[in-house]
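Q: what follows is a predicted protein model with its sequence.
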Amino acid sequence: MKLFHGWLSSASRRVRLCLAEKGIDYESVPVDMAAQEHHSPAFLSMNPNGVVPALVLDDGRFLYESATICEYLDDISPAPSLRPDDPFARATMRNFIRWTDEKLLPNLLVLNWSIALQPVASQWNDADLAEKLARIPTPERREAWRRIAREPYSDAEKGAARQALLALIPKMEAMLGAAPWLFGARYSLADIAATPFIARIAELIPEAVAVDAAPRVADWWQRVQQRPAYTQARIERFDAALRQRQLTPDAAARPAA
């Protein structure tokens, strides 16, 4: 299989974590989002939404949407299972993952794109911008690119985005309860879905995941980082990874360690 992904993309990180937990070999194909490679005709033929990641199967078929990809990987490689056995718990887990995508991801986009993509997009002239916007298939993403190119998110907007991300903390505290993982004794796709968001919260608002503020989440976060898959999936600090890519522009194209 081939995974077309972005190293700093939260959805891509989710799929890399799942692949690592499953021990599935794949070819890493990094996508340069600043160069809008994910809006090229070749990429859009794999994912018409024009967002990373996209998974090319051994038989040449494509899958997109990180939650869908992760469930597919759990189906084709059922051990270790990353979903609850109980059908109701599985359905509830899907709702949690959907909640992270709908409520958290748009706010993470505001924060991440402001530092990762805005410096490039702000340099485009009007003709370049119009040409690039025309290639973006969804109105929501067109508006996001327009904003970082011409109307950067304000400090107030970024502050609101950071505050919105914190809604994950009390939800996870309640879900963890006496169990080690979000859906009981078994590490699951829900834990994988939450990891990229907690990773960024821990960087942006470290006090939010401190033991005195959220003891269950703090313990969960420490155990997540100790899993071998976390290292294999290269969940690097966002700021450190950006600095490294600025110093060595070819770093984004290097294979996974």
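A: Received it, and whenever you're ready, just let me know what you need.
Q: tell me where the longest helix sits in the chain.
A: helix 189-204 (DSSP state H).
Q: flag the shaky bits of this structure, pLDDT-wise.
A: Within the chain, the stretches with pLDDT under 70 are 248-257.
Q: about what we covered before: go through the longest helix of the chain and flag the buried ones.
A: 189-202, 204 (16 or more other CB atoms under 10 Å). Any C-beta I mention is one placed from the backbone N, CA and C, and that applies to glycine too.
Q: stretch 128-143: end-to-end distance?
A: End-to-end span of stretch 128-143 (CA to CA, to the nearest Å): 15 Å.
Q: show residues contacting it.
A: Under the criterion CB atoms under 8 Å, 6 or more residues apart in numbering, residues 36, 39-40, 44, 48-51, 121, 124, 145-146, 149-150 lie in contact with stretch 128-143.
Q: narrow these to those in helices?
A: 44, 121, 145, 146, 149, 150.
Q: one step back: quick check: the farthest pair among the buried residues of helix 189-204?
A: 189 and 204 (24.1 Å; CB to CB).
Q: residue 145 against residue 121, yeah?
A: Yes: Residue 145 is in contact with residue 121 according to CB atoms under 8 Å; the separation is 6.3 Å.
Q: downstream of the longest helix of the chain, the next helix or strand is which one?
A: Remark: after helix 189-204, the chain's next helix or strand is helix 215-225, criterion DSSP states H and E.
Q: for the longest helix of the chain, C-alpha coordinates in PDB please.
A: C-alpha atoms of helix 189-204 as PDB (Å, rounded to 0.1, in the frame of the first residue of the first chain):
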ATOM      1  CA  LEU A 189      -9.300   3.900  17.200                       C
ATOM      2  CA  ALA A 190     -10.800   6.500  19.600                       C
ATOM      3  CA  ASP A 191      -7.500   6.800  21.300                       C
ATOM      4  CA  ILE A 192      -5.800   7.100  17.900                       C
ATOM      5  CA  ALA A 193      -8.300   9.800  16.900                       C
ATOM      6  CA  ALA A 194      -7.700  11.900  20.000                       C
ATOM      7  CA  THR A 195      -3.900  11.600  19.900                       C
ATOM      8  CA  PRO A 196      -3.100  14.300  17.300                       C
ATOM      9  CA  PHE A 197      -5.300  16.800  19.100                       C
ATOM     10  CA  ILE A 198      -3.900  16.100  22.500                       C
ATOM     11  CA  ALA A 199      -0.400  16.400  21.000                       C
ATOM     12  CA  ARG A 200      -1.100  19.900  19.800                       C
ATOM     13  CA  ILE A 201      -2.900  20.900  23.000                       C
ATOM     14  CA  ALA A 202       0.100  19.700  25.000                       C
ATOM     15  CA  GLU A 203       2.300  22.000  22.800                       C
ATOM     16  CA  LEU A 204       0.000  25.000  22.800                       C
END
